[in-house]
Structures are given as structure tokens and as C-alpha cells.
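Engineer: Pasting a predicted model and its sequence here:
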Amino acid sequence: MSKKITVNGIEYPLDSEKTLLENLEAQAIKQEYHCRDGHCGVCRCRLISGQADYINYPMAYLRDGEVLTCCSKSKQDIVLATY
Amino acid sequence: MAYTTFSTIPNDAMKEPMFFGNPVNVARYDQQRFAVFEMLIEKQLSFFWRPEEIDVSRDRIDFLNLPDHEQHIFISNLKYQTLLDSIQGRSPNIALLPIVSLPELETWIETWSFSETIHSRSYTHILRNLFTEPAEIFEDIVTNVEIQKRATDISGYYDALIHATQFMQLHGLEQNDIDYINLKNQVEKLNLRAIKKKLYLCICSVNALEAIRFYVSFACSFAFAERDLLEGNAKIIKLIARDEALHLNSTQQILNLWADGKDDPEMAEIAIECFAEGREIFLKAAQQEKDWAKYLFKDGSMIGLNEQILSQYVEYISNLRMQAIGYAPEFEVKSNPIPWINNWLVSDNVQVAPQETEISSYLVGQIDSKVDSEDLSTFEL
């Protein structure tokens, strides 16, 4: 069964090969980005549940329950909320 | 209290706060209290570039063909950026190095400031190409009223911190025999907490500088390049923007580490005490940038940008930046009025080769450099 990415309460199919940011973009969800390299922090989202696996170290400052979408992927269902 | 270039106190740098602990001694990077500063150094070094690598020769023709009001926009922005980087090329070193206590942070500050000097050098590179005699442009930076308005605001917090630190290092903090006379010529009771407060406000002001002050001029430079004009300049500004994102990262880290109580507990108290003042610094910077947009477009707009759009962008980016350091977004604007700017801010498709400066479509047909290990799965040795 395919996995889901839920953003602001709406479910979408999750492509585990793509970063979370690319998933958001594929679903035309408005999410700001700048560097796409994990250091500017602009693509920060709230992680409600699930796990984000980082492909690059997220250098931007993250508080508990925050995720940097440009440099992370997920293999499991994941629930996010945009700022 | 005097500064020493090599403290012989056998301290454990892993237990020091970022600032106002023991002075740094051994420049060692095998361990870091805050690893992110080491990563920032690595990243900044990997970003190294020189303005001479970028061909700006076509820009002169483009510039000469611009109408007067667009020349005003272009040159005014260059002047303002020259001012910002003149300040940033020296101030972090002078203000922060005497009080820093972590070796990785000390080296980050030096690396950061050094990269700002590259930015200053690129403005000379750009201006020397546009004008046979660029002296007039540089001389106006000190006397231009619109630029001065903000210069004092930016340098004021640095100067206050530097002055107080110098007093402390020369006379100590007793003040029994000698009073501290601050920059406003007033006697001020100085203690360590008061200097820490000056440090906090200084970092707030630098953070606002890195977060929003540069972006009005970035937007204009990129707007010209979207029309295939002044592309050499835009290439350089793109490299500068990439560096600035790192600098901003570090000031956000410092402010957030303090506010979240992960560094000096006294700084956590000061962060709460100065919460409103930090917000004011940010909002004042945003207002000054909107005023700057008005000055830029006083004689007319340019295609794709006008005062209103640029002011909305200032508000939009202020919201983003304020959220990043724990403030509620201040402005109504919910979406980016110039979404195309983000393509210019992506860090990994920066190209500097001269032939690519002139052919902006060069990137379109490039080979994808990403290799997945799956692609090699059928290979046998």
C-alpha cells in the first residue's frame, strides 16, 4: 500500500524517493524555499507525526517538532503542517 | 579582564559559553561545543569564489542603455551594499573576537568576516567595469543622506559593544577610580550583564541586517537579470546571496541557542528581557528598507518591480525571518509577491564560468551530476 504525506490535514500520496519539499511541490502545496541545501532554514515545517530521514545534515536551527523539508525524505506515513 | 592572545588557563572549551567565558586558547576543531559553527566554516570555505572569475564586461553596455531612473536604481543598490559589506567586513572581527570563548565560533567569525571582504571587492570589480572613474560613486556612499540614515543604525550597536568591551578590558569593571563614559558622553554603570545586553542587541541588529537588509537590492539585481540585463552583476550577487544565507544561519543559531537556554543561562534571561527590543530592531530595519524602496523608485519603476511589490517582499521576508528566531509574523502578507526570486537563491545551481554568464540558458541542457548508487548496481569488478 502506498504511503501518505498529510499536510495541513489533507492527505496526498508520498513519493519516498523524493525529498519532502519535492513532495510538497509535486502536490502544488505552497512552501517557500531558498537554498535547497539545508542551511537557510526557509523550508522549515512542523512535523506532527512520522519520521524524516535526512539525506544532508540540516544546518539550520530546528526546534523540537520541526523538520527541514529540502534535505529529508520519508519512507513511512508522515504528517506535516506548514507555517 | 585584559585580552590575551593565548590564555594559559587549562579550560575545557566544551564547557565554555559562546561569549564572555575564558578567552580561547588552542585553536582545535576535533571537538565542538556547537558543531554547527564548524559546519558553517566548512560550507563557507567550499563556497569560496573570486569576483574576477565572473565576466562583467557585457554589463557596461547594458548599463549605458538603461534609462536614467533604472541607472539610479542599479547604482544606489550597489552603493548601499558596499556600505553593508564595508561594515560587515570588519565589525564581527572587532566586536566579537575579543569576547568569544569557543574556538569553532572564533574561526567562524573570522571566516564570515573574510567572505564579506570578498563581497566588498566584488563591488569594486563591478563598478570599475561600469565607470572609467568610479571614485565619485564610492565618495557618495559616505555623504548620501538616504544611505547614512541606516548606516548609523547598523554601526551603533556594534560601536556600543566595542566601546564597552574595550573599557572592560582596559580598566576592569570596578569603576572605583574611573567612570565609564559611554558613546553618548554619559556616565554609565557598567557590569558584565550590561555588556552582555549590548552583545545581545548587537547580534539582533546584525541578524536583521543579514536577514532582510540585503534582500531589497538582491531583488533589484535579479529583476534586471530576469530581463537578460546586467547578468554578470547578477551572477556575482547570486554568489553573495549564497554566502549571506550562511551568515544569517549563524546569527539565527546564536540568538536561538541563547533564547532556548542552551548556552549561557544569563543570556537566556537577557533574551527574555530584551524580547521586545529585539523585535523593535527588526521592525525598524524592515521600515528602513521600505523607505529605501521608495527612494529607489522615486523617479520611476522598473519592469517587474515597483515600490509596492518590493515593500510587500520586505514584509514577506521579514515574516519568515522573524519566525526563524521565535517571533510571531508581524505583517499581513501571506505569499511571496516575487516567487521567481527563489530560483536565484538556490545554492547548488550557481555557475561562474564566463561563457555561461552570457548564455543564461546554459544550465538547461546540462548533464545531471547526481549519481545514485543504484545506477552502478549492475557494475562488476
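Structural biologist: Nice, I can see it.
Engineer: how about the residues of chain B near chain A?
Structural biologist: Proximity of chain B to chain A, by Cβ under 8 Å from any Cβ of the partner chain, involves residues B:36, B:39-40, B:43, B:242, B:245-246, B:248-249, B:252-253, B:256-257, B:260, B:320, B:323-324, B:335-336, B:342, B:345-348. Every C-beta, even on glycine, is put in place using the N, C-alpha and C of the backbone.
Engineer: Mark which of those residues are buried, thanks.
Structural biologist: B:36, B:39-40, B:43, B:242, B:245-246, B:248-249, B:252-253, B:256-257, B:320, B:323-324, B:336, B:345-347 (16 or more other Cβ atoms under 10 Å in any protein chain shown).
Engineer: mind listing which of the residues you listed are in helices?
Structural biologist: Among these, DSSP state H puts B:36, B:39-40, B:43, B:242, B:245-246, B:248-249, B:252-253, B:256-257, B:320, B:323-324, B:345 in helices.
Engineer: contacting residues for the nearest residue to A:D53 once chain neighbours are set aside?
Structural biologist: Once flanking residues are discounted, A:D53 sits nearest to A:K73: 5.4 Å by Cβ to Cβ, 6 or more residues apart in numbering or on different chains. Contacts for A:K73 (Cβ atoms under 8 Å, 6 or more residues apart in numbering or on different chains) come out as A:S16, A:E17, A:K18, A:T19, A:L20, A:A52, A:D53, A:I55.
Engineer: Provide the secondary structure category for B:R33.
Structural biologist: coil (DSSP: H, G, I helix; E, B strand; the rest coil).
Engineer: Likewise for A:Q31?
Structural biologist: coil.
Engineer: Please apply the same query to A:D64.
Structural biologist: Applying three-state DSSP: A:D64 is coil.
Engineer: I'd like the distance between it and chain B.
Structural biologist: To chain B, A:D64 is 10 Å away according to Cβ to the nearest Cβ, to the nearest Å.
Engineer: of the contacts of A:K73, buried ones?
Structural biologist: A:T19, A:L20, A:A52.
Engineer: what about B:M168, which helix or strand?
Structural biologist: In the assignment (DSSP states H and E), B:M168 maps to helix B:145-171.
Engineer: buried ones in that helix?
Structural biologist: B:146-147, B:150-151, B:153-155, B:157-165, B:167-168, B:171.
Engineer: before we move on, what about stretch A:5-12?
Structural biologist: Going by 16+ other Cβ under 10 Å, stretch A:5-12 has these buried residues: A:I5, A:T6, A:V7.
Engineer: how far away is the first one from chain B?
Structural biologist: So that's A:I5. Taken as Cβ to the nearest Cβ, the span from A:I5 to chain B is 21 Å.
Engineer: same for the longest strand along chain A, what does it pack against?
Structural biologist: Ranked by residue count under DSSP state E, the longest strand found in chain A is strand A:44-49. Other helices and strands packing on strand A:44-49, by 3 or more Cβ pairs under 8 Å, 6 or more residues apart in numbering or on different chains; DSSP states H and E, are strand A:66-68, strand A:78-81.
Engineer: Need the contact partners of the longest one.
Structural biologist: So that's strand A:78-81. The contact list for strand A:78-81 (Cβ under 8 Å, 6+ apart) reads A:3-8, A:14, A:20, A:24, A:45-52, A:67, A:69.
Engineer: Now with 6 Å, please.
Structural biologist: Identification of contacts with strand A:78-81 by Cβ atoms under 6 Å, 6 or more residues apart in numbering or on different chains yields A:I5, A:T6, A:V7, A:N8, A:C45, A:R46, A:I48, A:S49, A:G50.
Engineer: now, which of these sits nearest B:Q71?
Structural biologist: A:C45 (41.9 Å; Cβ to Cβ).
Engineer: rewinding a little: pick the most deeply packed of the helices and strands packed on strand A:44-49.
Structural biologist: Highest mean neighbour count of these: strand A:66-68, a mean of 22 (counted as mean count of other Cβ atoms under 10 Å in any protein chain shown).
Engineer: Could you list every helix and strand that that strand packs against?
Structural biologist: strand A:44-49 (3 or more Cβ pairs under 6 Å, 6 or more residues apart in numbering or on different chains; DSSP states H and E).
Engineer: starting at the chain centroid, how far to the strand it packs on?
Structural biologist: The chain centre lies 7 Å from the centre of strand A:44-49; the measure is Cα atoms, centre = their mean, to the nearest Å.
Engineer: That strand pairs with which strands, and in what direction?
Structural biologist: Strand pairing for strand A:44-49, determined by DSSP bridges: strand A:66-68 (antiparallel), strand A:78-81 (antiparallel).
Engineer: before we move on, back to that, tabulate the helices and strands packed on strand A:44-49 in TSV, adding columns for mean pLDDT.
Structural biologist: Shown next, in TSV, are those (pLDDT from 0 to 100):
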stretch	mean pLDDT
strand A:66-68	96
strand A:78-81	96
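Engineer: just to revisit the earlier point, send the alpha carbons of the longest strand of chain A over as PDB?
Structural biologist: Provided in PDB are the C-alpha atoms of strand A:44-49 (Å, rounded to 0.1, in the frame of the first residue of the first chain):
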ATOM      1  CA  ARG A  44      11.100  24.600   7.800                       C
ATOM      2  CA  CYS A  45       7.800  22.800   8.600                       C
ATOM      3  CA  ARG A  46       6.200  21.400  11.700                       C
ATOM      4  CA  LEU A  47       6.500  17.600  12.000                       C
ATOM      5  CA  ILE A  48       3.300  16.400  13.600                       C
ATOM      6  CA  SER A  49       4.000  12.700  13.300                       C
END
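Engineer: that older thread, B:I54 is nearest to which of the strands paired with strand A:44-49?
Structural biologist: So among those, strand A:66-68 is nearest, using Cβ to Cβ, at 30.1 Å.
Engineer: Quick check: next helix or strand after the closest one?
Structural biologist: As assigned by DSSP H and E, the chain's next helix or strand after strand A:66-68 is strand A:72-73.
Engineer: picking that back up, please list the members of the contacts of A:K73 that lie in helices.
Structural biologist: A:L20.
Engineer: Would you point out the most distant pair within the contacts of A:K73?
Structural biologist: Pairwise over the contacts of A:K73, using Cβ to Cβ, the maximum falls at A:E17 and A:A52, 14.5 Å.
Engineer: give the contact list for residue 18.
Structural biologist: Let's take chain A. Here A:K18 is in contact with no residue (Cβ under 6 Å, 6+ apart).
Engineer: Wait, chain B was what I had in mind.
Structural biologist: B:L102, B:L105, B:D263.
Engineer: one more time with 7 Å, if that's ok
Structural biologist: Counting by Cβ atoms under 7 Å, 6 or more residues apart in numbering or on different chains, B:M18 touches B:V100, B:S101, B:L102, B:L105, B:I254, B:D263.
Engineer: Just the ones of the residues you listed in helices?
Structural biologist: Per DSSP H, these map to helices at B:L105, B:I254.
Engineer: Buried among the contacts of B:M18? Need that as a selection in PyMOL.
Structural biologist: In PyMOL, a selection of the buried entries from the contacts of B:M18 looks like this (16+ other Cβ under 10 Å):
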select buried, chain B and resi 100+101+102+105+254+263
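Engineer: Format the contacts of B:M18 as CSV; extra columns: pLDDT and distance to B:D299.
Structural biologist: Below are the contacts of B:M18 laid out as CSV (pLDDT from 0 to 100; distance: Cβ to Cβ, whole Å):
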residue, pLDDT, distance to B:D299
B:V100, 97, 45
B:S101, 96, 50
B:L102, 97, 49
B:L105, 98, 45
B:I254, 98, 40
B:D263, 97, 48
